[in-house]
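Colleague: predicted model and sequence follow; I will ask about them next.
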Amino acid sequence: MPLLEACVLGQGVFMPGGEAEVVFVESRPVLAEIGGRPVLSLKEFLAADGRDRLFNVAIAESRIREELALACLDAGGLAQTLVAGDAEIFPSVTIGDGAIICGRTMITDNVTIGRFFHCNIYSYVAHDCVIGDFVTFGPRVSCNGNVRIDDHAYVGAGAVIRQGAPGRPLVIGKGAVVGMGAVVVRDVAPCTTVVGNPARPLDPAILDGPEVLSATG
């Protein structure tokens, strides 16, 4: 919310008199306000006719983020990109609508990023990278040069992605998940979770372990 307020206050959002109003939006609100800011239902927000409705979706789950973003866009909302004042973005970078670029981040030369990208604190994207729509970076992600990250990929906190080569980028496939602290040294297939150093596909049996132990006592 502090990042949102810094980016949009004073731009005439919501208020016909020119003063911005910043609100939380929930699908099914429980509280009337959070931290002194009103909470609207999604229906109330989308029904705000005659007023600019700039929005961003601060939800890490990319499929839900896409669903809500498309609902807002279809109702005439305007996707607002939020960039922290201390983020460093080179002039040759292209970023799609609805991104959130948090503090102490850096995006360097010749980078193309799609819509509704989340780049958390202290992360960086090096030169000649292409990042798709609804991609999420946790804190301190290190994405080195010549990397392609397809739509809906999730890169966990502290992960390191090795540099690719010109014309032969390292590719993280659509919907892939890179675990926290993983060191990615080769391509990651779509819809695959990788962990460790070097990163390898996660054995599903590891995820099932606690359930098996509890079932056997």
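Modeller: Cool, got the structure.
Colleague: and Gly35, how far from Gly85?
Modeller: As judged by C-beta to C-beta, to the nearest Å, Gly35 and Gly85 stand 21 Å apart. To be clear about C-beta, it is placed using only N, CA and C from the backbone, and glycine gets the same treatment.
Colleague: ok, the nearest residue to Leu78 once chain neighbours are set aside to Val23 distance?
Modeller: In this structure, Leu78 finds its nearest non-sequential neighbour in Leu54, 4.9 Å apart by C-beta to C-beta, 6 or more residues apart in numbering. Noted for Leu54: a distance of 11 Å to Val23, by C-beta to C-beta.
Colleague: what pairs with the lengthiest strand in the chain, parallel or antiparallel?
Modeller: For the chain, the strand reaching the highest residue count under DSSP state E is reported as strand 37-41. Sheet pairing of strand 37-41 (DSSP bridges) gives strand 24-26 (parallel), strand 33-34 (antiparallel).
Colleague: just the residues contacting it, thanks.
Modeller: 1, 21-29, 31-33 (C-beta atoms under 8 Å, 6 or more residues apart in numbering).
Colleague: now swap in stretch 109-118 and tell me
Modeller: Contacts for stretch 109-118 (C-beta under 8 Å, 6+ apart): 57-58, 60, 62, 65-66, 69, 79, 90, 92-101, 107, 125-137, 151.
Colleague: what of stretch 158-170?
Modeller: Residues from elsewhere that reach stretch 158-170 (C-beta under 8 Å, 6+ apart): 126, 128-130, 138-148, 155, 171-172, 178-187, 199.
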